[in-house]
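1. just to be clear, the model below is a prediction. Sequence and coordinates:
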Amino acid sequence: MEILLIIVSAIFVNNIVLAQFLGICPFLGVSNKLSTASGMSLAVCFVITLATAVTYLLNKYLLVPFNISFLQTIAFILVIAALVQMVEIVLKKTSPSLYQALGIYLPLITTNCTVLGVAITVVTKDFDFGFGAARMLGYGEAVLYAFATSLGYGLAMVLFAGLREHLALNDVPKSFRGLPIALITVGILALAFMGFSGIA
Amino acid sequence: MTKLQLITKGLVKDNPTFVLVLGMCPTLATTTSAINGLSMGLATLFVLFLSNMAISAIAPAVPDKVHIPVYIVVIATFVTLLQFLMQAYVPGIYNTLGLFIPLIVVNCIILGRAEAFAARNGVIDSACDGLGVGLGFTASLTIIGMIREILGSGSIFGWKFISGDGMLAFVMAPGAFLVLGYLMVLFNKYLKK
């Protein structure tokens, strides 16, 4: 039951883009076309899950026992940067087609704040699903939460890209063109997602 | 460009929020009230000012291949320093801003200014640039925070001028996107040529 709660909470109720405001730059940047948006979501999904799986262990077995938690930010960002590089190299060798599909989005993920944001969130002691008592997540739950969060990211991204493709066909007033109308659209989408908080 | 021009251009012409559209995550997430917006802006200003100076000083010695990891480590160091200072002197604000303080590391304004300006200019010029862009960011965040606070909770800088609640949606996620969207429209119409 709790696992289900984590998944629903991460995808809908606390959607990472529409409720937590993480990863807005790539969200606005690459959501012009549905195909690029889904490519980016796939890459993010891959890196968030992997990065959380590594940083959780790093935090638990290295930073906390040696009492150097203050290095968390630096250590995590280094792990993420190294991981993105590694994923790039491995994908290039093993699956050139996927590497081609992800293209320039892979290196950009280092500065996508969803990755660092989720990695830091899951190691906080008073993690709150928005449902029950706050507590620290176990390893499996942390990785699951990361995966579900990235699915929520993909959902928001694909929905928004679909809306934007239609938006491009409309005659928008000059001052509203480009980002302003995009932001207002996200605002309305976020309003719709607020309805999910009623589930809790 | 004179030093003063370097500082003022960050306010309107190169405004990080409305013109360059960088650092959107903290802009949207922390502007639930004017005070929160102002604090986030000042925190970013602190890191931007110091990292711009440090990076412009070390840039000539950094090999081209590893320059991004080196810059990120420099920025992460200043962010950690900021975390300590805030925990010690303003723990209340530190807790309110929460996750978004460590996330200053991945704020694209900071790495963006390091790449675009600090790496190619002197220490004093880079300090002025950091100050200007940081002030521009602080100003935008304070304005957005003020509007959301007035509409969302009927108060201004914590001083309540109506009884009861405001329109709660403006304090929550949708209001952030809507306020920023409409402010950008006004900015495009009146301040940008």
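-> The structure has been received and is ready for your questions.

2. so what's the gap between the lowest-mean-pLDDT helix or strand in chain A and the chain middle?
-> In chain A, the helix or strand scored least confidently by mean pLDDT, DSSP states H and E is helix A:105-108, which has a mean of 72. Its chain's average C-alpha position is 13 Å from that of helix A:105-108, according to Cα atoms, centre = their mean, to the nearest Å.

3. just checking, what packs against that helix?
-> helix A:34-58, helix A:72-94 (3 or more Cβ pairs under 8 Å, 6 or more residues apart in numbering or on different chains; DSSP states H and E). Just so you know, the C-beta spots here come from the backbone N, C-alpha and C atoms, and that holds for glycine as well.

4. list the buried ones in the longest one?
-> The reference is to helix A:34-58. Buried residues in helix A:34-58, defined by neighbour count with 16 or more other Cβ atoms under 10 Å in any protein chain shown: A:36-37, A:39-56, A:58.

5. point out where chain B drops to low pLDDT.
-> Low-confidence segments of chain B (pLDDT under 70): B:1, B:192-193.

6. so which residues of the chain form strands?
-> No chain in the question, so chain A it is. Taking DSSP state E, chain A contains no strands at all.

7. not quite, I wanted chain B
-> B:155-156, B:159-160.

8. out of those strands, nearest to chain A?
-> For the strands of chain B, the distance to chain A is smallest for strand B:155-156, at 21.8 Å, taking Cβ to the nearest Cβ.

9. from the contact counts, what lies against that closest one?
-> helix B:123-153.

10. mind listing what's buried in the helix it packs on?
-> Neighbour-count burial for helix B:123-153 [16+ other Cβ under 10 Å]: B:125-153.

11. which residue ranges of chain A form helices?
-> A:2-8, A:24-29, A:34-58, A:72-94, A:96-102, A:105-108, A:113-122, A:139-167, A:179-194 (DSSP state H).

12. next one: chain B
-> So, for chain B - with DSSP H - the helices run B:3-9, B:24-29, B:34-58, B:67-89, B:91-97, B:108-116, B:123-153, B:173-190.

13. so which of these is the most packed in?
-> helix B:24-29 (a mean of 26; mean count of other Cβ atoms under 10 Å in any protein chain shown).

14. name the helices or strands packed onto that one?
-> helix A:24-29, helix B:123-153, helix B:173-190.

15. show me the shaky parts of chain A.
-> Looking at chain A by pLDDT under 70, you get A:1, A:102-104, A:125-135, A:198-200.

16. contact residues of it facing chain B?
-> Taking Cβ under 8 Å from any Cβ of the partner chain as the contact definition, chain A meets chain B at A:18-25, A:28, A:70-74, A:77-78, A:81, A:110-113, A:116-117, A:120-121, A:175-176, A:179-184, A:186-188, A:190-191, A:193-194.

17. for A:Val143, give its distance to A:Asn59.
-> Between A:Val143 and A:Asn59 the distance, using Cβ to Cβ, to the nearest Å, works out to 13 Å.

18. B:Ala173: what's it in contact with?
-> By Cβ atoms under 8 Å, 6 or more residues apart in numbering or on different chains, the residues touching B:Ala173 are A:Leu18, A:Ala19, A:Phe21, A:Ala190, A:Phe193, A:Met194, B:Leu28.

19. follow-up on the earlier one: tell me which of the helices and strands packed on helix B:24-29 sits nearest to A:Arg164.
-> Among those, helix A:24-29 comes nearest to A:Arg164, with 9.6 Å by Cβ to Cβ.

20. tell me how far A:Ala182 lies from A:Phe160.
-> 8 Å.

21. list residues touching both of the two?
-> With Cβ under 8 Å, 6+ apart as the test, A:Ala182 and A:Phe160 both reach A:Ser31.

22. now render the strands of chain B as a markdown table, adding distance to B:Met53 and mean neighbour count.
-> Converted to a markdown table, the strands of chain B look like this (distance: least, Cβ to Cβ, whole Å; neighbours: other Cβ atoms under 10 Å in any protein chain shown):
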| stretch | distance to B:Met53 | mean neighbour count |
| --- | --- | --- |
| strand B:155-156 | 35 | 14 |
| strand B:159-160 | 37 | 10 |
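
23. nice, that's everything, thank you.
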